[in-house]
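1. Following is a predicted model, sequence given first.
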Amino acid sequence: MFRIRGPVHQLQMLQLCRTYAAKIPTINNVGPQPFNSIPTPSTSTQVKTLLKLLRKDFDLVEHMSKRHQELGPVYKENILPGIADVTVSCCSPADTEAMLRSDGKYPVRPQTGPLESVRNDLKLYKGISEASGEEWYKVRSVVNNHFLQNRSVWSYGEKHLKVSQDFTEYIAKHLDSNNEVPDFENAIKRWSLEAAGVFSLDTRLGLFDDEVSETSLELIKAMDLFFENLSKLLFGVQFWKTFETFTYKDFRNCQKEIYNAVSLHRRAVQHKGSNGKETNQLQSFLNSSLLTDNEKDMVMVDFLSGGIETTAMSSIFPLYLLAIHPEKQDILRQEIQKYIGDFTIGSGKVLAEMPYLNAVLRETQRIFPFVPFYSRKFKNGIVLSNYQVPPDQLVINSANFVNNKDPAYFDEPDVFKPERWFDPAQRKKAAFATVGSFGVGARKCPGRKFALQEIHSLIAAILSQYRIEYHYKPIRAKLGLVSYPSEKARFTFIPLNE
Ligand code: HEM
């Protein structure tokens, strides 16, 4: 049986805090408490945090879980006084609902500093990920129209299945004597770039071919460096804000290379679609007269950069849970055989509607949220757990990692039980208690349906060919740009016909 370890286990305190917090409004009945009365760690605790921050193994999610245990469902803290800003963290279902309702027409997610900065340097549109207000809304509305409808996403289903099928052939060619793929993480990043290329660039990059083209190799290299540098700039000491560090310059060069490559693809796709016969969503998006070429380029750049590392790392978690739960793997394999048969037919709609596959993905996100929290600022302020939070204050929603393993919301929370998601009462109880991995509201991830379709196709393709096992140290989620597996994903692939 799968057991979750770590501080989130000590829940009694949290439950007490939640009960207490829920009572505040009725006890006082005098309106929200002022911001400065939000619970905050003592000065000595903050000094200890500073010392912990110097350690390489500092884990932000673990740190915040602990704070919630000590201080309740809402607290504020500045972990780097003088350098970082004060952060308010909240987790109760009522606060999650309040955050969603206060988003307004133009939700504000704090920008990814270095990304916004290099795009400004290069005089590019900031991208939907970094833009705000009307500038964000205009582009996001066009993106939603073209890429968020089920039929748009499903129209790429067969291509995604083909990419994943090609990946299983790549696995077959690269199995070592232990039936493992050496450096599976690298292989899975190739898979996610190949799958993202299908709808973001309208091309197969050929990353599993014996001879990969020079242009595709350069794109992989630029993408790898892009994420490596972004991570260094975000999580290291922020010297780049004062002067142009080597990492910052390198990051800007990667962004420029990715932009140039994407822009070339955009012109090629536009040319193909210019005879008035649009054959896919990307072409019809590129024909939109509502956006400039630069805005279109940056949507494609955002799709690539938003969809590769995230989808690659996220796909490892369901594979791991299935590998260590062979009985669930068998149930899912039977469903795959029933719905997709010998794999000659298969569509996005079929993949999206497979009940057990969907339940496996939901249960995986409960145990390992692919992105553990989401953040917002509120132009008009917000009331959280009866505390008044002022305008433009950074708020982090930590519902995923605080509530997902709380028995108040999930029976036997330590058990991997996809079946729980078939129970309407469970789904109702989980609403707002957990926020999933793709954010919330109008600013929610626009690539979520593509990401899930890709992961569904990957699991379907792998389980159709292999029984997967995992024989090493238990994997935990480690926070980086997204959740990363704490251990190498060394899966054993045993061909089904053996
Ligand atoms: C498992 C994979 C993925 C995860 C876990 C993920 C997660 C997220 C999250 C948490 C956000 C912030 C949402 C919010 O603030 O409410 C986001 C935004 C975004 N994601 Fe994803 N994402 C994934 C895949 C993708 C893919 C495949 C694409 C490309 C099609 C994509 C493109 C974007 C973009 C462009 C934004 C910014 C949206 C905006 O600000 O309006 N993501 N994603």
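-> Thanks, I have the structure now. Numbering: from 1, shown residues only.
2. N397 and T96 touch, don't they?
-> Yes: between N397 and T96 there is a contact under CB atoms under 8 Å: 5.9 Å. Quick note: C-beta positions are derived from backbone N, CA and C, even for glycine.
3. Which neighbours do the two have in common?
-> Here N397 and T96 have 90, 435, 440 as joint contacts, going by CB atoms under 8 Å, 6 or more residues apart in numbering.
4. And the second one, its phi and psi?
-> To tie it back to what came earlier, the one meant is V435. Backbone dihedrals for V435, given as degrees, to the nearest 10, come out at phi -110, psi 0.
5. Please report how far it lies from A84.
-> 23 Å (CB to CB, to the nearest Å).
6. Compare these two (neighbour count), which wins?
-> Using other CB atoms under 10 Å, the more surrounded residue of V435 and A84 is V435, with 29 against 12.
7. low-confidence ranges in the stretch 151-300 of the chain?
-> Along the stretch 151-300 of the chain, the parts satisfying pLDDT under 70 run over 273-278.
8. residue boundaries of the helices in the stretch 151-300 of the chain?
-> For the stretch 151-300 of the chain, applying DSSP state H, counting those that start in this stretch gives helices covering 157-174, 184-200, 214-235, 246-273, 281-286, 293-307.
9. List of residues touching stretch 414-434?
-> The contact list for stretch 414-434, computed with CB under 8 Å, 6+ apart, reads 1-4, 93-94, 96-97, 321, 325, 328, 355-356, 358-360, 362-363, 366-367, 369, 399-400, 403-406, 409-411.
10. From those, which land in helices?
-> Within the contacts of stretch 414-434, membership in helices is found for 93-94, 96-97, 321, 328, 355-356, 358-360, 362-363, 366-367, 399-400, 403, as judged by DSSP state H.
11. Just the buried ones from the residues you listed?
-> The neighbour-count test (16 or more other CB atoms under 10 Å) marks 93-94, 96, 321, 328, 356, 358-360, 362-363, 366-367, 399-400, 403 as buried among the ones in helices among the contacts of stretch 414-434.
12. hmm, which two among the residues you listed are most spread apart?
-> Of all pairs drawn from these, the greatest distance, 33.3 Å, lies between A94 and K328 (CB to CB).
13. near the ligand, which residues of the stretch 51-200 of the chain show up?
-> Residues of the stretch 51-200 of the chain lying near the ligand by CB under 6 Å from any ligand atom: 109, 128-129, 140.
14. Select from the residues you listed the entry with the lowest predicted confidence.
-> pLDDT across these is lowest for S129, at 89.
15. who's in contact with the nearest residue to L394 once chain neighbours are set aside?
-> Closest residue to L394 apart from its sequence neighbours, by CB to CB, 6 or more residues apart in numbering: T87 at 5.2 Å. In this structure, T87 makes contact with 76-79, 394-396, judged by CB under 8 Å, 6+ apart.
16. same thing but 10 Å
-> T87 makes contacts with 64, 75-79, 110, 375, 393-396, as judged by CB atoms under 10 Å, 6 or more residues apart in numbering.
17. same thing with S375?
-> Neighbouring residues of S375 by CB under 10 Å, 6+ apart: 87-89, 99, 108-110, 394-398, 439.
18. By neighbour count, which of those residues wins?
-> Ranked by neighbour count (other CB under 10 Å), the contacts of S375 have S398 at the top, with 26 neighbours.
19. So for the helix or strand in which K428 is found, mean pLDDT?
-> If you go by DSSP states H and E, K428 is part of helix 424-430. The average pLDDT within helix 424-430 is 92.
20. Just give me how far that helix sits from the chain centre.
-> Centre-to-centre, helix 424-430 and its host chain are 23 Å apart (CA atoms, centre = their mean, to the nearest Å).
21. Next, the buried residues of it.
-> The neighbour-count check on helix 424-430 (16+ other CB under 10 Å) flags 429-430 as buried.
22. circling back to that earlier point, just give me the closest of the buried ones among the ones in helices among the contacts of stretch 414-434 to L481.
-> N400 (16.1 Å).
23. circling back: downstream of the helix holding K428, the next helix or strand is which one?
-> helix 448-465.
24. Packing partners of whatever helix or strand comes next after that following helix?
-> Once helix 448-465 ends, the next helix or strand along the chain (criterion: DSSP H and E) is strand 466-470. Where contact means 3 or more CB pairs under 10 Å, 6 or more residues apart in numbering; DSSP states H and E, strand 466-470 is packed against helix 157-174, helix 309-323, helix 326-340, strand 491-495.
25. highest average neighbour count across those?
-> helix 309-323 (a mean of 24; mean count of other CB atoms under 10 Å).
26. Next, S375: secondary structure please.
-> strand (DSSP: H, G, I helix; E, B strand; the rest coil).
27. From the ligand, how far out is it?
-> Look at S375 and the ligand: by CB to the nearest ligand atom, to the nearest Å, they are 7 Å apart.
28. follow-up on the earlier one: closest one of the shared contacts of N397 and T96 to the ligand?
-> V440 (5.2 Å; CB to the nearest ligand atom).
29. Count the residues that sit near that closest one.
-> Based on other CB under 10 Å, the number of other residues close to V440 is 20.
30. Please name the nearest non-neighbouring residue to it.
-> Nearest non-adjacent residue to V440, counting by CB to CB, 6+ apart: L100, 5.4 Å away.
31. just K349 next, same as before
-> Spatial nearest neighbour of K349, excluding adjacent residues (CB to CB, 6+ apart): W154 at 4.8 Å.
32. For the one you found, list the residues it contacts.
-> 160, 347-353, 449, 453.
33. Least confident of the residues you listed?
-> Minimum pLDDT for those is recorded at S347 (78).
34. three-state assignment of the residue of the stretch 51-200 of the chain found nearest the ligand?
-> Residue nearest to the ligand within the stretch 51-200 of the chain (CB to the nearest ligand atom): S129, separated by 3.9 Å. Three-state call for S129 (three-state DSSP): coil.
35. pLDDT score assigned to the residue nearest to it when sequence neighbours are not counted?
-> In this structure, S129 finds its nearest non-sequential neighbour in D302, 5.2 Å apart by CB to CB, 6+ apart. Looking at D302, its pLDDT is 92.
36. swap in Q111?
-> Per-residue pLDDT puts Q111 at 78.
37. roughly how far apart are the residue nearest to it when sequence neighbours are not counted and D103?
-> Nearest in space to Q111, with sequence neighbours left out and distances taken as CB to CB, 6+ apart, is E130 at 5.0 Å. Per CB to CB, E130 is found 17 Å from D103.
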